[in-house]
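# The following block contains a protein sequence and its predicted model.
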Amino acid sequence: MQMLINAISVSVLFFFFSPWIFATNRFPQSKPVDRTGPSTIRITTKGDELSIVFPVKPVVHRFNLDLELFSEERVATAYDDGVVYVLQLLKTRIPRYALRDYLKYKAKGDKSLDLVNRQELSVGGIVGTQEEARGKSRINGEQYYTKEQYFATKHHLYIISATTRDRVTPKMNDFFSSLKLGAAAILGPQEANNLAAEEPKPSGQVPFKGDVYDAKEVTRQALIVWQPPLEIPLFFAAVDMGHPVYEIQVQLILTPTGEVADLKAPPIRNPVLLALVTEMTEHVSFIPAELNGRPVAQRTTFKYELQPFKLRVVRTDHDIAADAQLAAFSR
């Protein structure tokens with residue numbers, strides 16, 4: 001099976017970021033990480049605190065942003081027992097405006113979402129929004145159920161989500177119930193991870209041992225929930241290749257424990273493009289494939305279709321970013 005991944009349409013955050021130029025100045029090094037046991041994530045910023053308990057130790061990503069409205073994004077992701085958990089932190093000058101734009105572009109970006117419930121809630125005196133929705137994967141049509149909470153605090157926009165195939169689970173409810181904002185978030189176990197730096201990440205180069213199935217052999221295909229938001233750097237790197245259309249196919253195995261293995265990327269003469277494609281592929285968060293109700297390993301191919309646009313005689317970064325935005329909304 002091939003998973004077609006248009007470089008400028010995978011993540012809702014691409015629509016969110018498209019009016020600005022996105023940049024990241026480093027690529028994480030991947031190492032095995034022990035993710036057994038509950039793990040607390042804590043953010044401690046003066047006057048703006050958060051803590052939440054993941055059922056297993058999450059993988060932490062950090063992206064430096066060169067945007068008008070945002071300076072940094074930190075993301076913690078984890079998979080456990082059929083659920084993908086994601087905590088996104090965006091450092092921004094005006095969090096409430098950022099939340100407004102995120103919700104607007106999210107609605108435009110995924111037309112398959114069917115809103116089940118929407119309500120306001122308050123945690124630690126901070127008012128937020130909770131949404132529950134059903135949807136279908138744009139990659140393979142697999143159905144999913146997601147629950148998200150959004151909070152615009154003094155310095156940050158927090159987006160907290162849990163995604164499963166069918167319905168809210170008790171573990172999902174425990175995850176959201178553990179959320180603390182404000183002074184209450186400062187209390188708790190001292191070993192909490194404060195997201196100050198990236199954690200070592202599982203490497204997609206590790207071989208997988210066991211049975212592996214193709215898409216046609218499984219009952220339910222793997223469901224991609226989150227990818228590193230590197231679409232715009234990927235677009236700029238593809239422009240440098242000078243091809244009207246550039247396609248990259250990456251082979252991999254999506255394991256039954258929610259990890260990527262046996263990643264094989266084709267030879268690419270642009271090292272930046274190769275690093276971006278590898279990063280986007282080996283650090284995806286997904287719900288594993290199923291065969292008769294049990295999680296199994298699925299062999300698949302991620303197909304990145306990059307379409308740089310025709311260049312005019314005079315070309316600026318603003319022109320390219322505008323074209324990228326137009327293409328995203330035309331898909």
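In hand now; what should we look at? Numbers count the residues shown, from 1 in each chain.

# helix or strand for the closest residue to P207 other than its chain neighbours, which one?
Distance criterion CB to CB, 6 or more residues apart in numbering; nearest residue to P207, sequence neighbours excluded, is D262 at 5.7 Å. All C-beta atoms are positioned from the backbone trio N, CA, C, and that covers glycine. In this assignment (DSSP states H and E), D262 forms part of strand 260-264.

# Give me the angle between the next helix or strand after that strand and strand 260-264.
Using DSSP H and E, the helix or strand that directly follows strand 260-264 along the chain is helix 271-282. For helix 271-282 against strand 260-264, the angle by axes from the mean of the first three to the mean of the last three CA atoms, to 10 degrees is 150 degrees.

# what separates the residue nearest to P207 from L252, distance-wise?
When distance is defined by CB to CB, to the nearest Å, D262 is 6 Å away from L252.

# Look at those two and report which has more neighbours.
L252 (22 against 17; other CB atoms under 10 Å).

# What residues does the more buried one make contact with?
G204, V260, A261, D262, L263, K264, T281, E282, R299, T300, T301, F302 (CB atoms under 8 Å, 6 or more residues apart in numbering).

# Is it correct that the fourth one is in contact with L254?
It refers to D262. No: if you go by CB atoms under 8 Å, D262 and L254 don't touch, sitting 10.0 Å apart.

# In contact with the residue nearest to P207, which residues?
Here D262 is in contact with G204, V206, P207, F208, Q251, L252, I253 (criterion: CB under 8 Å, 6+ apart).

# try Q249
Q249 makes contacts with Q2, P266, T301, F302, K303, Y304, as judged by CB under 8 Å, 6+ apart.

# show me where the stretch 1-150 of the chain has strands.
Assigned by DSSP state E, counting those that start in this stretch, the strands in the stretch 1-150 of the chain fall at 2-6, 39-45, 48-54, 59-64, 70-80, 83-92, 114-123, 126-136, 143-152.

# hang on, V56 packs against V83?
No: distance between V56 and V83: 10.2 Å, which falls outside the contact criterion (CB under 8 Å).

# Which of the residues in the lengthiest strand in the chain are classified as buried?
Counting residues, the longest strand found in the chain (DSSP state E) is strand 294-306. Residues P295, V296, A297, Q298, R299, T300, F302, Y304, E305, L306 are the ones in strand 294-306 that count as buried (16 or more other CB atoms under 10 Å).

# what do you get for stretch 155-166?
Residues H155, H156, L157, Y158, I159, I160, S161, A162, T163, T164 are the ones in stretch 155-166 that count as buried (16+ other CB under 10 Å).

# With distance to F236, pLDDT and secondary structure as extra columns, can I get the residues you listed in JSON lines?
JSON lines is the format used below for those (distance: CB to CB, whole Å; pLDDT from 0 to 100; DSSP: H, G, I helix; E, B strand; the rest coil):
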{"residue": "H155", "distance to F236": "29", "pLDDT": "82", "secondary structure": "coil"}
{"residue": "H156", "distance to F236": "27", "pLDDT": "86", "secondary structure": "strand"}
{"residue": "L157", "distance to F236": "25", "pLDDT": "90", "secondary structure": "strand"}
{"residue": "Y158", "distance to F236": "29", "pLDDT": "92", "secondary structure": "strand"}
{"residue": "I159", "distance to F236": "25", "pLDDT": "94", "secondary structure": "strand"}
{"residue": "I160", "distance to F236": "30", "pLDDT": "95", "secondary structure": "strand"}
{"residue": "S161", "distance to F236": "28", "pLDDT": "96", "secondary structure": "strand"}
{"residue": "A162", "distance to F236": "33", "pLDDT": "97", "secondary structure": "strand"}
{"residue": "T163", "distance to F236": "29", "pLDDT": "96", "secondary structure": "strand"}
{"residue": "T164", "distance to F236": "35", "pLDDT": "96", "secondary structure": "strand"}
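
# Thanks a lot, see you next time.
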